[in-house]
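Trainee: Next come a sequence and a model predicted from it.
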Amino acid sequence: MSVAAIVVAGGRGTRLGGDVPKQFADLGGLTMLARSVAPFDAHPAVGEIIVVLPEEFVADGATMVGPTSRPCRFTAGGAHRHDSVRAGAALLSDAATVVLIHDAARPFADAALIDRVIDATQATGAAIPATAARETLKRVRTGAREIVETIPRSEIWLAQTPQGFTRSVLNDVIARGASDRAATDEAMLAEAAGHRVTVVDGDERNVKVTTADDLADARARILGPPRVGTGYDLHRLVDGRALVLAGVRLPSTVGPLGHSDGDVVCHALVDAMLGAAGAGDIGQHFPNTDPRWKDAAGLDLLGRANAILRERGWTLSSADVTVILERPKIAPHLAAIREALAATIGVTAAQVSVKGKTNEGVDATGRGEAIAAHAVAVIVSGGRR
Ligand code: MG
């Protein structure tokens, strides 16, 4: 047996908002299409993949899917779903004896689901995954919004994909589709052609991403829970040093003493970001015994820490920094500091907060002998791979 997957991304749907067609929407650093293709590319029984796209996107297909471990070909679909399936089937190799047809808008099919469909297809010729209806079902008169009847729930199953067909059943499906263009899935055509179509357990997680809310939910699932880190830094303030925070120079006769430039804002934020990723701390990555970091600019270290996060698949979601400085007043400089931090990390200024405090004359910081900063960083997975 050799299994082929046809992934159908026929629509130009922009219901999700924005000008990117749904199948190319970003899902945690990969397109939805790439995530819908991936479980088939990873499945040991699948030997070839065919992706059907609207004609104007065929040339972008390989870029949007990215590298695959088995042959993946791209072709243009048609006006109806059936035309797209037929176009995909035309590229099937002779070796493919079982064909799985999958929606590009379902990025969460897993290996167990694909196994169930393949097994049932081999046994009966055609099989689809479906989930039992959980809500009470009403037939409603269109327009009047009036209940006509209540439908027994036990008989109702909600169809998903991938839908599986042996090659001979698929040939009948394609022949049937030529005259029945209203079919919304291939199983409908197999049923109409008189084939037995079995139902295997679907997966509630194998959702079809249709609306902007669906897309937000799908992203949240892929990104996983956020992680949080905290950071703290303090430097003595001494004569003859410049007071520079995130590249912004504050008017001051004193500045932080340190091996580097003593930028507490960047240093606290670096520790918060590294801490969130479980990636050590600033002293470990940029030791003050290493001459490379002598007088290193805070923003330079921040950029390097950000690169460490990205390499590990994390990206900053938000940060909040509190600077404790008796004088000068930091308020006039907060916006510039914030912009500089955001630009260095590659996020928007809205994702970064910087606040100023004094210590009310209490302790060394309050007497103006030191500057300190506290930072919190929230990171999420899904940095571009
Ligand atoms: Mg420091």
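Mentor: It's in.
Trainee: What segments of the stretch 251-385 of the chain are strands?
Mentor: Here the stretch 251-385 of the chain has its strands, by DSSP state E, counting those that start in this stretch, at 254-256, 314-324, 352-357, 370-381.
Trainee: which stretch among the ones you listed comes nearest residue 131?
Mentor: Across the strands of the stretch 251-385 of the chain, residue 131 has its closest neighbour in strand 370-381 (27.9 Å, CB to CB). Heads up, the C-betas are built off the backbone N, CA and C, glycines and all.
Trainee: Which residues belonging to stretch 51-63 are considered buried?
Mentor: Buried residues in stretch 51-63, defined by neighbour count with 16 or more other CB atoms under 10 Å: 51, 52, 53, 54, 57, 61.
Trainee: Endpoints of it, how far apart?
Mentor: Using CA to CA, to the nearest Å, the end-to-end distance of stretch 51-63 comes out at 12 Å.
Trainee: Just give me how far that stretch sits from the chain centre.
Mentor: 20 Å (CA atoms, centre = their mean, to the nearest Å).
Trainee: if you average pLDDT over it, what comes out?
Mentor: For stretch 51-63, mean pLDDT rounds to 93.
Trainee: hang on, the earlier thing: biggest separation within the buried residues of stretch 51-63, which pair?
Mentor: Checking these with CB to CB, the most distant pair is 51 and 54, at 11.3 Å.
Trainee: Kindly point out which residues are neighbours of both of the two.
Mentor: Contact with both residue 51 and residue 54 is made by residues residue 9, according to CB atoms under 8 Å, 6 or more residues apart in numbering.
Trainee: Near the ion, which residues of the stretch 151-300 of the chain are found?
Mentor: 233, 267 (CB under 5 Å from the ion).
Trainee: Which pLDDT value belongs to whichever residue of the stretch 151-300 of the chain sits closest to the ion?
Mentor: Closest approach of the stretch 151-300 of the chain to the ion (CB to the ion) occurs at residue 267, with a separation of 3.6 Å. Residue 267 carries a pLDDT value of 98.
Trainee: wait, isn't it in contact with residue 298?
Mentor: Yes: if you go by CB atoms under 8 Å, residue 267 and residue 298 touch, sitting 6.4 Å apart.
Trainee: which neighbours do those two share?
Mentor: With CB under 8 Å, 6+ apart as the test, residue 267 and residue 298 both reach residue 260.
Trainee: Check the burial of the residue in the stretch 1-150 of the chain that the ion sits nearest to by counting its neighbours.
Mentor: Taking CB to the ion as the measure, the stretch 1-150 of the chain has residue 29 as its residue closest to the ion, at 31.8 Å. Neighbours of residue 29 under the rule other CB atoms under 10 Å: 16.
Trainee: secondary structure class for residue 47?
Mentor: Counting by DSSP: H, G, I helix; E, B strand; the rest coil, the backbone at residue 47 sits in strand.
Trainee: Might you report the residue contacts of the nearest residue to it once chain neighbours are set aside?
Mentor: Among residues not flanking residue 47 along the chain, residue 2 sits closest, at 4.6 Å (CB to CB, 6 or more residues apart in numbering). Residue 2 sits next to 45, 47, 48, 93, 95, 96, 97, 98 when contact means CB under 8 Å, 6+ apart.
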